[in-house]
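[1] only geometry, no sequence info:
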């Protein structure tokens, strides 16, 4: 199985990589990271933003070779920072990047795309808190 993880350098991505390196059937894991040039135990790391990479023919070919993609990196949590809280242009940019990536995945006919976001576990539209990693989840 060949898998591509977007956000493999975050805590959830690192845990997923460790899981795939454990017992069980072998998984060829690749990672997309905006900043990291290498990730422990991962043979292929692509550096750049997935929304920009999705425009590349070379990246689209890589997608076509994947059996599964796990998208952990939508970046929407940045909108909780006070400087971006009212920045609708940033929100639109992030949403468009995920849409562009999802379309590239569909065009490459990847059998499985798993999109993971934890924001709804923390709040809803009516919640007026500024969210941080220390915030309690909703009951």
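    Noted; the coordinates are in hand. Worth saying up front: this structure is predicted, and the values here are computed from it rather than measured.
[2] What ranges does this structure have for its strands?
    For the chain, the strands defined by DSSP state E cover 2-6, 28-33, 44-47, 68-71, 113-115.
[3] Mean pLDDT lowest where, among the ones you listed?
    Per-segment mean pLDDT for those reaches its minimum on strand 28-33, at a mean of 79.
[4] Lowest-scoring secondary structure element of the chain by mean pLDDT?
    Using mean pLDDT, DSSP states H and E, helix 119-122 stands out as the lowest-scoring helix or strand of the chain, at a mean of 62.
[5] of the strands of the chain, which approaches residue 19 most closely?
    Closest approach to residue 19 among those is made by strand 28-33 (10.0 Å; CB to CB). Yep, even glycine has a C-beta here, placed from its N, CA and C like the rest.
[6] What strands flank the closest one, and is each parallel or antiparallel?
    strand 2-6 (parallel), strand 44-47 (parallel) (DSSP bridges).
[7] wait, what's in contact with residue 134?
    Under the criterion of CB atoms under 8 Å, 6 or more residues apart in numbering, residue 134 has no neighbours.
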